[in-house]
Each structure stands twice: as structure tokens, then as C-alpha cells.
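Asks: Fold the following for me, if possible:
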Amino acid sequence: MNAAVRAQPGFPLVGGSLALLQIPFVFTQDDVLNTDEFLRKANERGHNISLDGLQRLHSRRLLLPLYRISGTPVAGRRVNVEPDHGGGLRRWVIDAAADGRLRDPAEEGYSAAWPYTRPQGDVEHGWWNGFVYSSWQLLELGSAVSEYAFTKYPWWHARPERMARDRRLILALAALSPCYLSGVIGRMNIPIGVEEERLWRYRSEADALELLRLAGIDPADLRKEAESLLLHTQNDPMHQWVKLLRYARYEGWSKMTGRPLDCMWHRVAAGSYCGPTRTWRRLATWSRCPTWPARPGTGRTMTGSQRGIRRPRLWSGRSPSSGFRHTRASSSCSKARPNSVMSQGCWPNSG
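Replies: Now for the predicted structure:
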């Protein structure tokens, strides 16, 4: 096992969401969201769903939260995690895992004793439901809502194999994000308390196969899943502008709303899946898009503040020093970088 990924014997279970927390820098590039934040982002992508709707999807196991933060610590469920010295929901998740208060809803099922809304008459200060979602789960929301519409028919039956597969794919995206997401969208997030040099070094040295193993995913499945994600973009209302949008910076296209924004994130997810494999060449041919960049991990020595650190080569034919956006706390510095992975691949035929 790669030294950067520390495992505990027997717990947490490989292929479960708790296992993700053994990955250094997990959830630093993607987001964990409470239910209010998840609903807000869902609305931005054109999904009309309420808090009660989320609860119904949970009860049918069509869309399970990534975590549930409990108020009851269990010593045997403590996870060996690196402390988070920043703030926000990520720190709550990390602290709950260290205390044995973090649960995987895929393991514990659903109970009406865990309401999504504040119970009537409850006056506890600072009450919240404790459910945490991954930003990647927004990719599943549309299909989960469509599936729920059929649950009223007597012939409907749950498909646990498919649900388990969909969840593993979300776990894979979360596991790969610290290494590959920033190379796809051209934006590196440096949260408060994170050592930037360690993050760059981890991105260069991480064992992608070990990350996928923790998520319970067979690397051979990534190409098929990336192609499936791209199929969701075929009815993009902005399809005639795809050739221009591929050069847009994250700060620009992330301000879109509705179906176009949802399609952009499907492309980003496809790019993240392709990052640790060589199947990007076949995917690029399939989608008639330009050549994908070299596999991260074959980096070059950087100059300046990153001198001596092996930074992954996430671009093809250019030095990475041509620009990369850094975001740290409330301040950031940026350079234009049109030659990102988004500008080179994971774009279906726009013609």
C-alpha cells in the first residue's frame, strides 16, 4: 500500500465512504455539503427538489447521503484521520470520524429517528440534521428523482446492485479529486491549515490504483463510466458553443445555471475518471476531441515557490508553469491557463 494512504485493519470497510477519510487531502478540491447547501447547488443545476424530497430519496435508498454525523461516539468506529486545522463542514466530518461519531448511511440504512427537518417543539440551539453530501452526488440527483417517480407502481423494485455501483462511482470521484480535479478545471484550492508543498507532493506520488481500491472500483470500469457521463451531455443547450466553452476558465463557466452547468460538471467528472488511466486516448477518439494530456505522475521539476517538487504534468506540449490558479482562504492569485485538461478532452462531438 502507498505510504500516503494509511489503513486500519478491518475498519473502515474498503468501498465505504468512511474509507475515503484515510486519503490525505480528501475533500480539499471537491466539496462536502450540508442539506441546505446541497439543495442550493441542485437548484443552480436546474433540479427542483425539497428537503422532504431528499428524505424520500434516502428512505428509498435512491440517493444516500455520504455521511451522517451522530451525537453518540463509538470507540470501535474511530477512524485514523489527519486533523483538519481549518474550518467548515470538512472539519466537522474529520472531527466526527476521529471521535467515532461518523456513520456511513449505506451501512446503517434509514430510520425515521433521524429527521431531515427540525422536529416540532425542539428548541435545541444549533440543531441540524447531521447529513452530509458530496458535491459529486449532484450528478446522480436527476436519475434518482426520475427513478423515484416509478416507486408508486407495484411492479417497481429496488436494484441494490445498481445503487451500490452508483455509490462506488461517487466514492471514486471523491478519492481521485485531490490528485486530478484541479488539473481538469485548472483551479487548485489550498484550504487554511493545508501545507501547499505536501499537497503538490502527494498529487505527484499518490498511487491511483490504491485510491480506486479504497473506493471499491475496478480501474477497468473507468472508461465505460466516463463515456456514460459524456452521454448525459448530448442534449446540452450550449452544445453549439462547446468548442469555445472548452477554453473558458472555471470562474466563467461555473457561473452558468441549469442544464448547461450540469453538463459541464458531467464533463469534469469524466475527465477526473480518465486521469489515472490510459483509456483517455480511446475516450478522446470516441468523443472526437483532441489528445488528452500525459498521465499525472510524470511531472517535471518546477521553479519558484515549487522548486524541487515534482509537480504532475497535467498539460500536453506545454510547461505547467504557463499558469495555474491557486485559491487560498479569501485571497487568490491567478494566471490565464487556456491549455487545461478541459480545453483538451472530455468533450463530445459538438457538431
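Asks: quick one: contacts for the residue nearest the centre of the chain?
Replies: The centre of the chain sits closest to Ala174, judged by C-alpha atoms, centre = their mean, with a distance of 3.8 Å. Going by C-beta atoms under 8 Å, 6 or more residues apart in numbering, Ala174 touches 20, 26-27, 30, 66, 134, 136, 215. No exception for glycine: its C-beta is placed from N, CA and C like everyone else's.
Asks: at 6 Å instead, please
Replies: When contacts are counted by C-beta atoms under 6 Å, 6 or more residues apart in numbering, Ala174 touches 20, 134.
Asks: and it, what element?
Replies: helix 160-185 (DSSP states H and E).
Asks: Off-centre distance for that helix?
Replies: Distance of helix 160-185 from the chain centroid (C-alpha atoms, centre = their mean, to the nearest Å) equals 6 Å.
Asks: May I see the buried residues of it?
Replies: Judged by neighbour count (16 or more other C-beta atoms under 10 Å), helix 160-185 contains these buried residues: 163, 166-185.
Asks: Can you work out which other helices and strands pack against the helix or strand containing Arg267?
Replies: Counting by DSSP H and E, the element that carries Arg267 is helix 258-274. Other elements packing on helix 258-274 under the criterion 3 or more C-beta pairs under 6 Å, 6 or more residues apart in numbering; DSSP states H and E are helix 160-185, helix 222-231.
Asks: Off-centre distance for the helix or strand where Tyr202 lies?
Replies: For Tyr202, the element it lies in under DSSP H and E is helix 196-205. Averaged C-alpha coordinates place helix 196-205 at 18 Å from its chain's average position (C-alpha atoms, centre = their mean).
Asks: repeat for stretch 74-91
Replies: 18 Å.
Asks: List the buried residues in that stretch.
Replies: Going by 16+ other C-beta under 10 Å, stretch 74-91 has these buried residues: 77-79, 81, 84, 89-91.
Asks: helix, strand or coil for the closest residue to Asn129 other than its chain neighbours?
Replies: Distance criterion C-beta to C-beta, 6 or more residues apart in numbering; nearest residue to Asn129, sequence neighbours excluded, is Tyr116 at 5.0 Å. For Tyr116, the assignment made with DSSP: H, G, I helix; E, B strand; the rest coil gives coil.
Asks: Tyr116: how many residues sit nearby?
Replies: The number of residues packed near Tyr116 is 18, by other C-beta atoms under 10 Å.
Asks: which ones are touching it?
Replies: So Tyr116 contacts 51, 55, 129 (C-beta under 6 Å, 6+ apart).
Asks: of those, closest to Asp122?
Replies: Proximity to Asp122 was ranked across the contacts of Tyr116 by C-beta to C-beta; first place goes to Asn129, at 11.2 Å.
Asks: ok, the closest one to Leu138 distance?
Replies: To Leu138, Asn129 is 18 Å away according to C-beta to C-beta, to the nearest Å.
Asks: neighbour count winner among the two?
Replies: Neighbours around Asn129 and Leu138, counted as other C-beta under 10 Å, are more numerous at Leu138. The numbers are 24 against 19.
Asks: Now do that one, the pLDDT please.
Replies: pLDDT, Leu138: 96.
Asks: what does Gly275 give?
Replies: pLDDT, Gly275: 72.
Asks: Surely it touches Leu181?
Replies: No: the pair Gly275 / Leu181 is not scored as a contact, 8.4 Å apart, by C-beta atoms under 6 Å.
Asks: thinking again about what came up before, next, format the helices and strands packed on helix 258-274 as a markdown table and append distance to Asn34 and mean pLDDT.
Replies: Shown next, in a markdown table, are those (distance: least, C-beta to C-beta, whole Å; pLDDT from 0 to 100):
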| stretch | distance to Asn34 | mean pLDDT |
| --- | --- | --- |
| helix 160-185 | 16 | 89 |
| helix 222-231 | 25 | 88 |
